[in-house]
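Asker: model the following, please.
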Amino acid sequence: MVDATHSGNETADAAPSRSLKARLLPVFAVVILAAAAWFGWRYWTEGRFMVTTDDAYVQADSARVAARVEGYVAELPVAENQHVAAGDVLVRLEDDDYRNALETARSRFSTADATLARIDAQITAAEASVEQARAQRQSAQAQLTNAQSSAERAQSLFDRQATAKADLDRANEELSTAKANLASAEAAISSAEAQVAVLRAQREESEGDRRQLELAVDQAQRDLDRTVLRAPFDGVLANRAVEVGDLVSPGSQLAALVPDDGLYIEANYKETQMPGVVPGAVVHITFDALPDHEFEGRVTSAAPATGSVFSLLPAENATGNFTKVVQRVPVRISIPDDALATGALRGGLSAVVSVDRRTAE
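Answerer: Here you go, the predicted model:
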């Protein structure tokens, strides 16, 4: 009697359970079909047009802060990872030697001006000597003309026996003296003109020396200015590799400056995915650092060759042990302003990008 009652209770409990499953199965089926329909609709209307890769990273074209002159580091006004504005001092080197070099160059340059002033005065005096010599030549020419007339007159009188031979000799002597004076005057003119030419040549030479000294002053000023390294643009100072007291040489990298607006994404797409990945196409972007946000960027450019071509050791496929490997093409994608405004993006962060092929121009 007890066993029959217990069996009846189990049968009664099983019946509602089967009834509940029977009611839930259609619900589950509807949910599964709805989900499948939704995903299918998403794929058909959008997903099949998306070219997605997770081989994408935030990049930044940082600038190398390098010394252009040699010197000891005197001051580091900016700390590591500190934001700076364009023109802010990043590194200051000791400048005593460069200031002395500038003063020396300026002193030599000032003496060059004095030399040119002296030569100009000498040229003025030499030109005055030329004018004086020309005046003396005119006087000698007049004396020669007078002496020739006197000699001709004396000769005529002597021929007519109207004067003594001594008078004729005296007139000829005066003529010879006048000719010699004219020749001396002409020689004086040539000498004075030659002196002017020499002085002008010296002035041109001094002008060249002055130009060299002027360039030396300019170079000394440049070297002095280069003891102060300033930020070329707004950004964040990173990777500082120098401390106060270090001796730096020209070309040595002291730090890196990452620009505020220089971030972009470099996505490495498979060569089989490249159709439709063209400049101007819309890109849906998600960052691992911002998992709950999706942003919209655009393809700006694609590399002219695969990444392996630009590698340090390009693959050598002309061998007997060839294995085909799908190549990847670097694609640059712009980051929208709203993503940059979050301040969460850094160079090297990971991203997932999907290019909408429907927007390819």
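Asker: and stretch 78-95, how far out from the chain's middle?
Answerer: 19 Å (CA atoms, centre = their mean, to the nearest Å).
Asker: could you dump that stretch to PDB, C-alpha only?
Answerer: What follows is stretch 78-95 as a C-alpha-only set of coordinates in PDB (Å, rounded to 0.1, in the frame of the first residue of the first chain):
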ATOM      1  CA  VAL A  78      61.300  69.200 -17.900                       C
ATOM      2  CA  ALA A  79      60.700  65.900 -16.100                       C
ATOM      3  CA  GLU A  80      60.000  62.600 -17.800                       C
ATOM      4  CA  ASN A  81      56.500  62.200 -19.300                       C
ATOM      5  CA  GLN A  82      55.800  65.900 -18.700                       C
ATOM      6  CA  HIS A  83      53.700  67.800 -21.200                       C
ATOM      7  CA  VAL A  84      55.400  70.700 -22.900                       C
ATOM      8  CA  ALA A  85      54.400  73.400 -25.300                       C
ATOM      9  CA  ALA A  86      56.300  74.500 -28.500                       C
ATOM     10  CA  GLY A  87      59.300  76.600 -27.500                       C
ATOM     11  CA  ASP A  88      59.700  75.300 -24.000                       C
ATOM     12  CA  VAL A  89      63.200  74.600 -22.900                       C
ATOM     13  CA  LEU A  90      63.900  70.800 -22.700                       C
ATOM     14  CA  VAL A  91      67.700  70.800 -22.100                       C
ATOM     15  CA  ARG A  92      70.200  73.500 -21.300                       C
ATOM     16  CA  LEU A  93      73.900  73.000 -21.800                       C
ATOM     17  CA  GLU A  94      76.800  75.000 -20.300                       C
ATOM     18  CA  ASP A  95      77.500  77.900 -22.600                       C
END
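Asker: can you pull the buried residues of it?
Answerer: Using 16 or more other CB atoms under 10 Å as the burial criterion, the residues of stretch 78-95 that qualify are 78, 84, 90-93, 95. C-betas here are computed from N, CA, C, even on glycine.
Asker: likewise stretch 207-215?
Answerer: So stretch 207-215, judged by 16+ other CB under 10 Å, has buried residues 209-210, 213-214.
Asker: just curious, which of the buried residues of stretch 78-95 is nearest to A140?
Answerer: D95 (66.4 Å; CB to CB).
Asker: so in this structure, which helix runs the longest?
Answerer: helix 96-159 (DSSP state H).
Asker: immediately after that one, which helix or strand?
Answerer: For helix 96-159, the following helix or strand on the C-terminal side (DSSP states H and E) is helix 165-225.
Asker: what is that following helix packed up against?
Answerer: helix 96-159 (3 or more CB pairs under 8 Å, 6 or more residues apart in numbering; DSSP states H and E).
Asker: can you get me a residue count around the closest residue to A66 other than its chain neighbours?
Answerer: Distances taken as CB to CB, 6 or more residues apart in numbering put Q253 closest to A66, at 5.1 Å, once the chain neighbours are dropped. Burial of Q253 is recorded as 14 neighbouring residues (other CB atoms under 10 Å).
Asker: domains of the protein?
Answerer: When the chain is parsed with automatic domain parsing, its domains come out as 63-95+228-257, 96-224.
Asker: mind putting the ones you listed in a markdown table, distance to S311 and mean pLDDT included?
Answerer: Shown next, in a markdown table, are the domains of the chain (distance: least, CB to CB, whole Å; pLDDT from 0 to 100):
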| stretch | distance to S311 | mean pLDDT |
| --- | --- | --- |
| domain 63-95+228-257 | 22 | 92 |
| domain 96-224 | 39 | 82 |
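Asker: got JSON lines for the ones you listed, with distance to R328 too?
Answerer: Formatted as JSON lines, the domains of the chain follow (distance: least, CB to CB, whole Å):
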{"stretch": "domain 63-95+228-257", "distance to R328": "26"}
{"stretch": "domain 96-224", "distance to R328": "45"}
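Asker: thinking again about what came up before, which members of the buried residues of stretch 78-95 are the farthest-apart pair?
Answerer: The largest separation in the buried residues of stretch 78-95, counting by CB to CB, is between V84 and D95 at 20.9 Å.
Asker: check contacts around Q141.
Answerer: 182, 185 (CB atoms under 8 Å, 6 or more residues apart in numbering).
Asker: likewise for the one 3 residues further on?
Answerer: For L144, the set of contacting residues under the criterion of CB under 8 Å, 6+ apart consists of 175, 178-179, 181-182.
Asker: do you know how far it is from E127?
Answerer: Counting by CB to CB, to the nearest Å, the gap from L144 to E127 is 26 Å.
Asker: how about L349?
Answerer: According to CB to CB, L349 and E127 sit 78 Å apart.
Asker: now A29
Answerer: On the measure of CB to CB, A29 and E127 end up 116 Å apart.
Asker: can you give me the buried ones in stretch 104-119?
Answerer: 105, 108-109, 112, 115-116, 119.
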